[in-house]
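In: Could you look at this predicted model? Sequence included:
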Amino acid sequence: MSSPFTFEGAVLWLGALATLAMYSVLYRENPVYRIAEHVFLGLATGYGLYVIWRDVLFPIWYKPLFREHHWPWILALVAGGMYYTIYSRRFAWMSRLVMTTMMGLVAGLAFRKFYGQFVPQIGASFKPLVVLVKGPAGLDWPGTLFASLSNVLFLVCLISVLTYFFFTVEQRSPLVRRTAHTGRWLMMIAFGAMFGATVMARLSLFIGRLDFLFREWIPLIR
Amino acid sequence: MPPSRRLPDLEQLLGRIDRRLIYLGLFLITLAPLVGKWSLPLYVSRPPQLLYQAIEALPPDKLVVIASNWDAGSQAETRPQLIALVRHLIRRNLSFAIICTAYPTSPQLAQSAVEEAIRLESAPDRWPYGTRWVNLGFKLPDDPWLRSFSSSITGAVKVDVHNTPLAEIPVLRGVKRFGPEGQVSMLIDITGSATIDKWYEFLGPTKVKIGLACTAVMAPEQYPFLDSGQLSGLLTGMKGAAEYEQLLHAPGFAMPAMAGQSFAHLYIILLILIGNVAVLAARTRGRRR
């Protein structure tokens, strides 16, 4: 275990004690956990503000305006300041001006997002139901069967889930109701997979901390 | 037997277990394989293989851009992914640039991870900063900036993380655009945040290859993009990093750590089974009464 009286050692010890303080809540709610939580939030907020100034506001706005004297940048301050008029009943209409402008911009950009993100998916959902997979000696029957079944399953999932979200008419017909019900089950399976992935992610973070504690702080893992 | 002296049901017994004992069990079962170097077999799934093949097929004279969008909160998953991918780029002799658009703390973390990857590949002499790779630092990813970045990298970024003008950085000489016609052949987003959506939106039309290495939480939502060809490959959390290390035959943090992960999963599955058996037994008993 490294000495806490060198710079590297002090950093290591601080990291280890902060980790233990955060995990102490698993035993019970306690003041050490609370202190560690507040210190972390304060540090993260302070550091975030500094970095936003250093990497965003200073190079993009302050420097062009006050050092290079590009005066039109003052308009950014005016527009930004207009947001804060929301706190005044008399001048709140000014905040609505910038908000509606931004809403219009974002709505326009949403079309672009749809084109870039979702249109290729619509195209990719048109799959052949019979896929002929060729092997070195003619048709690969197991491959053909698997690829075709995979595409049929994809189509069943797509139609079932889309039917579940089709609310234009009441789902009275047994066929539509059963298809929608299947869609609901399929979504439940997907949510289960997502939950499993979430558990895996949280365990990974825990293993990361264990690795830090028992490889760097107390070298148990070699 | 009088009701007061009857043995407690399994459900009651389980309900009496202190939750802290369950946490202690998870702690021990996760730590033991890491300390004892126990391992379970690991196989490489298709999404990491696709990413590996995509990088193998990249032209050697073009740049790869790595969007390193993770911070300390998700580094157990994303740091080994970045290290493994950079090791692969070094082996393929592909130059790269790092850009961060999600967390202000990312550039420092990415810098340290890339330096470790270079050290692991014994390439500090062959991969000097500025000549073979560059860290472009943190940029606020608003839509106008992303639009500018996707059409001209040097138009959107003026200096690197050390405030050196891009014109003085050899690796970026002549680099401007993404895509088959441009000088950047691939963008790999290593992320703990929802940054990939913006890359689909802004880089999709350029036809540049996009790879993704994300936290396990985000991965299930990304499979449709892999299926549609919008993604060239996908790494899922620590498992993805471990699979990539296996593909490279270069064990790092993720491969041994997956032993702890697998044993912890077995422990959780066992707890779920015991809980369900107890509930089913209680229901059956209730019906009999």
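Out: Yes, it's here. Numbering: from 1, shown residues only, chains lettered A, B, ... in the order given.

In: Any figure for the gap between the residue in the stretch 1-150 of chain B positioned nearest to chain A and B:Arg91?
Out: Closest approach of the stretch 1-150 of chain B to chain A (CB to the nearest CB) occurs at B:Ala76, with a separation of 2.5 Å. (Each C-beta comes from the backbone N, C-alpha and C, glycine too.) Distance of B:Ala76 to B:Arg91, given as CB to CB, to the nearest Å: 24 Å.

In: So for these two, which sits in the more crowded spot?
Out: More crowded of B:Ala76 and B:Arg91, by other CB atoms under 10 Å in any protein chain shown: B:Ala76, with 26 against 14.

In: Secondary structure element holding that one?
Out: If you go by DSSP states H and E, B:Ala76 is part of helix B:75-91.

In: same check, this time on A:Gly42
Out: According to DSSP H and E, A:Gly42 maps onto helix A:31-52.

In: Show me where chain B has its helices.
Out: Applying DSSP state H to chain B gives helices spanning B:10-16, B:19-36, B:46-56, B:75-91, B:106-120, B:143-151, B:153-156, B:196-203, B:223-227, B:237-248, B:254-288.

In: The helix or strand hosting A:Ile122 - contacts with which helices or strands?
Out: In the assignment (DSSP H and E), A:Ile122 maps to helix A:119-124. Judged by 3 or more CB pairs under 8 Å, 6 or more residues apart in numbering or on different chains; DSSP states H and E, the packing partners of helix A:119-124 are helix B:223-227.

In: next one: the helix it packs on to chain centre, how far?
Out: 16 Å (CA atoms, centre = their mean, to the nearest Å).

In: Now that helix: buried residues?
Out: Residues of helix B:223-227 classed as buried: B:225-226 (neighbour count, 16 or more other CB atoms under 10 Å in any protein chain shown).

In: And for stretch B:251-268?
Out: Neighbour-count burial for stretch B:251-268 flags B:252-265, B:267-268 (criterion: 16+ other CB under 10 Å).

In: What of stretch B:175-195?
Out: B:175, B:177-178, B:182-193, B:195.

In: can you tell me which residues contact A:Tyr47?
Out: Going by CB atoms under 8 Å, 6 or more residues apart in numbering or on different chains, A:Tyr47 touches B:104-105.

In: One more pass at 7 Å, please.
Out: Contacts for A:Tyr47 were tallied using CB atoms under 7 Å, 6 or more residues apart in numbering or on different chains; there are none.

In: before we move on, the earlier item: which ones, among the buried residues of stretch B:251-268, also lie beside chain A?
Out: By CB under 7 Å from any CB of the partner chain, the members of the buried residues of stretch B:251-268 lying near chain A are B:253, B:257, B:260-261, B:264, B:268.

In: got the angle between the helix holding B:Ala76 and helix B:46-56?
Out: 30 degrees (axes from the mean of the first three to the mean of the last three CA atoms, to 10 degrees).

In: Disregarding residues adjacent in the polypeptide, which is nearest to residue 176?
Out: Let's take chain A. Using CB to CB, 6 or more residues apart in numbering or on different chains and skipping the chain neighbours, the partner closest in space to A:Val176 is A:Thr163 (6.2 Å).

In: could you do chain B instead?
Out: Closest to B:Lys176 by CB to CB, 6+ apart is B:Ser152, at 5.4 Å.

In: Tell me how far that neighbour lies from B:Gln183.
Out: B:Ser152 is 11 Å from B:Gln183, by CB to CB.

In: what touches both of those two?
Out: What both B:Ser152 and B:Gln183 touch, as defined by CB under 7 Å, 6+ apart, is the set B:176-177.

In: What count of nearby residues applies to the closest residue to chain B within chain A?
Out: Closest contact between chain A and chain B, by CB to the nearest CB, is at A:Gly208 (2.5 Å). Per other CB under 10 Å, the neighbour tally for A:Gly208 reads 22.

In: hmm, stretch A:152-160 in reach of chain B?
Out: No. Stretch A:152-160 is not in contact with chain B by CB under 7 Å from any CB; minimum separation 8.3 Å.

In: quick one, what contacts the residue of the stretch 1-150 of chain B closest to chain A?
Out: A:204-205, A:207-208, B:238.

In: Check B:Pro224 too.
Out: So B:Pro224 contacts A:Gln121 (CB under 7 Å, 6+ apart).

In: ok, it to A:Gln117 distance?
Out: B:Pro224 is 10 Å from A:Gln117, by CB to CB.

In: Would you confirm that the residue of chain A closest to chain B belongs to a strand?
Out: No. Counting by DSSP: H, G, I helix; E, B strand; the rest coil, A:Gly208 is not found in a strand; it is helix.

In: Please report how far the residue nearest to B:Pro104 when sequence neighbours are not counted lies from A:Ala44.
Out: Closest residue to B:Pro104 apart from its sequence neighbours, by CB to CB, 6+ apart: A:Val51 at 3.3 Å. When CB to CB is the yardstick, A:Val51 and A:Ala44 sit 10 Å from each other.

In: what's the residue nearest to A:Val176 in contact with, if anything?
Out: A:Thr163 neighbours (CB under 7 Å, 6+ apart): A:176, A:179-180, A:183.

In: Could you report the pLDDT at the residue of chain A positioned farthest from its centre?
Out: Relative to the centre of chain A, and counting by CA atoms, centre = their mean, the farthest-placed residue is A:Ala137 at 46.8 Å. In the predicted model, A:Ala137 carries a pLDDT score of 82.

In: show me what contacts it?
Out: Listed by CB under 7 Å, 6+ apart, A:Ala137 has no contact partners.

In: Not counting its neighbours along the chain, what's nearest the residue nearest to the spatial centre of chain A?
Out: Chain A has A:Thr198 as the residue nearest its centroid, 12.3 Å off, counting by CA atoms, centre = their mean. Distance criterion CB to CB, 6+ apart; nearest residue to A:Thr198, sequence neighbours excluded, is B:Val217 at 4.9 Å.

In: thought that neighbour was touching A:Ala197?
Out: Yes. Here B:Val217 reaches A:Ala197: they are 5.8 Å apart, a contact under CB atoms under 7 Å.

In: Now for the two: what residues contact both?
Out: What both B:Val217 and A:Ala197 touch, as defined by CB under 7 Å, 6+ apart, is an empty set.

In: Point out where chain A drops to low pLDDT.
Out: For chain A, applying pLDDT under 70 flags the ranges A:1, A:221-222.

In: So which bits of it are right by chain B?
Out: Residues of chain A lying near chain B (CB under 7 Å from any CB): A:26-27, A:48, A:51-52, A:55-56, A:109, A:112-113, A:116-117, A:120-121, A:124, A:190, A:193-194, A:197-201, A:203-208, A:210-211, A:214, A:220-221.

In: so who does the closest residue to B:Gly174 other than its chain neighbours touch?
Out: Distances taken as CB to CB, 6+ apart place B:Gln183 nearest to B:Gly174, at 6.2 Å, with adjacent residues excluded. Contact analysis of B:Gln183 by CB under 7 Å, 6+ apart lists B:62-63, B:174-177.
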